[in-house]
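Enquirer: heads up, no residue letters with this:
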């Protein structure tokens, strides 16, 4: 198992992600059908979904022309008109509800050496959106704009320049106080700084609206791109026989599921945790859904909670009890990870690499479970983000996964 | 003196800088004549200037039409065709050689409450430029472009939006690992992120070149703006009778001069220090000029060396011996400053305010002199930046200033 884990984490850290394109899901997700709806987290039936995920289903139904109203969408979903599968099964990840369907544009991230690809849907901006379970005309209009205006321009510039090297941007983000999960101020600003001129050159007629969309009040724009990069790394580490390396952590708002390298494709689940955090004005813990989203792929790759020591400014946003929490969280994550990533460093820790490659066995052994930095969705459909905080995963999925691995290995 | 210093530092911290315009120097610098050439640091005669400052004079001479060649420029300078004065005397600051003349565009920063104004010339991009003493056709061409294309667009968007609030941008910069003197990655990226769309809207025909100019390899773009903001704060603190607060630290490449609040307009000088730092490939300490530039206005305001604890990533660029140097430098600066700035905080120090308001008396008392983060100019004219590092000021100007203040107060 030690050798298997060494190999798995080596593969994880060998990923050299390049953002190469931005294309409709049906063009790039292998085998996606018109009536396959992808969602965040482990598998779940429509009836069992939390309200924001059901709200996102209504939105996607209307966006794809299956329904005209949320009521009609609900009926069709209950009638089994579409099938639901995790994003993770299609090489993709989506924050919060993660709803991803046929026409939605996807970031395409490719490994420079193996040309393996991973995908993530696009950030819709702050607050209201499909990903939080909203299905208002505003949200639908934005999805159309993303598909018809934004994505084609992104595709054009990415093809023109032969892709964007993501590792240096993520490393620079860490040096600028992003942990890259709940803080992507730097990644987002660097995207506009580095490539804004290409947008102006490629699409002068849309440059103002595109630069405004990314530039104004949209600090998490870079998250989805970084998620695709980390999905790539995780998928590259998957399938090493005997390895207890965690290759996915994902929540559907009801359950959290993990996957491990040695048992590819299998989900091990437990109850999705409640998030401890800070609520926006007008909201309290009573408005909060349980933890939701594929964005924990960031922690899977060594970012987010793992890299929190590099992002002291985030503690206020997450309602943490002082800056010491950032350092302590990263310190704890070093105890359950297999390596320190040589390319992704924390300057404040004398350029030590982020704790990378969560080991299911170490989690069980130490009793320390991964800590996720996360947004908090409303527990009702048709709402927006209500806060942000930290969630501590339950032991259950890790214990289950380790037992299953032991069984597989005949121990 | 204690009361005077309290009042002076209160004024320093009361500055609420707004970037309101970008105009030619002759329009905004009170009393600037065509043949007044402003330079960094305390007063100096042309003959005594270091080679890079003389090189910048040649460049400015050619740029203003006084000469066609560097040789002709040198003759005219020696013949006294123009007079030389410090930028500081005109409410202005300029990095490195700081050469500022009639036609050059200036950032105009205004205090929201008092409407007092300060000024700085524009960043020319990385490496080669007037500010490092270059006078090549490339540098001259860029100065023309800045005046004819860039500045009018900046003026247009600044007037349209009623100015840019600089305090939140500087605070955000600190939270993103800028100390705002030798590291302005965040400030620069935020400028493009926040206002790139306004550039695209105001000047579609120039948006590509302007966004590329700021966006590509130009991480110090924001420095000049931040310098004007700190000059404003320093000037607001100036002229409090009896105060030993430092209101200017500036180097002309031969001498370093300081000014204190209680003795407005007087310079106290000592030898400009040698910079300890890291040289770019192909250069060594033998190529280095002594410390030069008005950019130490950043330390005067609590940034740069004072705020280094927030910028652990900078230590490698400055050739410092580990991240501990960043923390130790800020700690030392707390010992010689009068206050902690409530708006400019260091998240890593649990949001403690930057050490702000260097007290000449504390410098003499503790024996600790201010530490400046700085670029290193070549010791020849017509060259580019050769490295970056840290310079520790000599005690001499502080001792002189304190003696003069004691004399003034009849102590």
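Expert: Received, thanks. Bear in mind the structure is a predicted one, so any value in this text is a computation, not a measurement. Residues are numbered from 1 along each chain as shown, chains lettered A, B, ... in the order given.
Enquirer: end to end, how far does stretch A:65-79 reach?
Expert: 16 Å (C-alpha to C-alpha, to the nearest Å).
Enquirer: in it, what counts as buried?
Expert: A:66-67, A:70, A:73-74, A:76-77 (16 or more other C-beta atoms under 10 Å in any protein chain shown). For glycine as for every other residue, the C-beta is placed from the backbone atoms N, C-alpha and C.
Enquirer: Pick the one among the residues you listed closest to chain B.
Expert: Nearest to chain B out of the buried residues of stretch A:65-79 is residue A:70 (C-beta to the nearest C-beta; 33.0 Å).
Enquirer: got the contact list for the closest one?
Expert: A:55, A:58, A:62, A:135, A:381-382 (C-beta atoms under 8 Å, 6 or more residues apart in numbering or on different chains).
Enquirer: give me that answer again for 7 Å
Expert: Contacts here follow C-beta atoms under 7 Å, 6 or more residues apart in numbering or on different chains; on that basis residue A:70 touches A:58, A:135.
Enquirer: what do you get for residue A:366?
Expert: Counting by C-beta under 7 Å, 6+ apart, residue A:366 has contacts A:335-336.
Enquirer: Centre of the chain to the helix or strand harbouring residue A:62, how far?
Expert: Assigned by DSSP states H and E, residue A:62 falls within helix A:51-63. The chain centroid and the centroid of helix A:51-63 are separated by 18 Å, computed with C-alpha atoms, centre = their mean, to the nearest Å.
Enquirer: Show me what it is packed against.
Expert: strand A:36-39, helix A:70-78, helix A:137-145 (3 or more C-beta pairs under 7 Å, 6 or more residues apart in numbering or on different chains; DSSP states H and E).
Enquirer: can I get those in JSON lines with mean pLDDT?
Expert: Putting those into JSON lines (pLDDT from 0 to 100) gives the following:
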{"stretch": "strand A:36-39", "mean pLDDT": "98"}
{"stretch": "helix A:70-78", "mean pLDDT": "98"}
{"stretch": "helix A:137-145", "mean pLDDT": "97"}
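Enquirer: Excluding chain neighbours, what is closest to residue A:122?
Expert: residue A:146 (5.3 Å; C-beta to C-beta, 6 or more residues apart in numbering or on different chains).
Enquirer: can you list the residues of chain A near chain B?
Expert: Residues of chain A lying near chain B by C-beta under 7 Å from any C-beta of the partner chain: A:175-177, A:185-186, A:188-190, A:192-194, A:196-197, A:200-201, A:204, A:207-208, A:211-212, A:215, A:312-313, A:322-323, A:347-348, A:350.
Enquirer: And the closest residue to residue A:223 other than its chain neighbours, its phi and psi?
Expert: Of all residues not flanking residue A:223 in the chain, residue A:184 sits nearest, at 4.9 Å (C-beta to C-beta, 6+ apart). Phi and psi for residue A:184, reported as degrees, to the nearest 10, are phi -130, psi 30.
Enquirer: Pretty sure residue A:184 sits against residue A:225.
Expert: No: here residue A:184 lies out of contact with residue A:225, judged by C-beta atoms under 7 Å, at a distance of 8.8 Å.
Enquirer: Strands along the stretch 201-350 of chain A, start to end?
Expert: Using DSSP state E, counting those that start in this stretch, the strands of the stretch 201-350 of chain A run over A:246-252, A:255-260, A:268-271, A:276-279, A:292-293, A:337-346.
Enquirer: Least confident of those strands, on average?
Expert: Of all the strands of the stretch 201-350 of chain A, mean pLDDT reaches its minimum on strand A:276-279 (a mean of 95).
Enquirer: Which elements pack onto that strand?
Expert: Judged by 3+ C-beta pairs under 7 Å, 6+ apart, the packing partners of strand A:276-279 are helix A:314-318, strand A:387-392.
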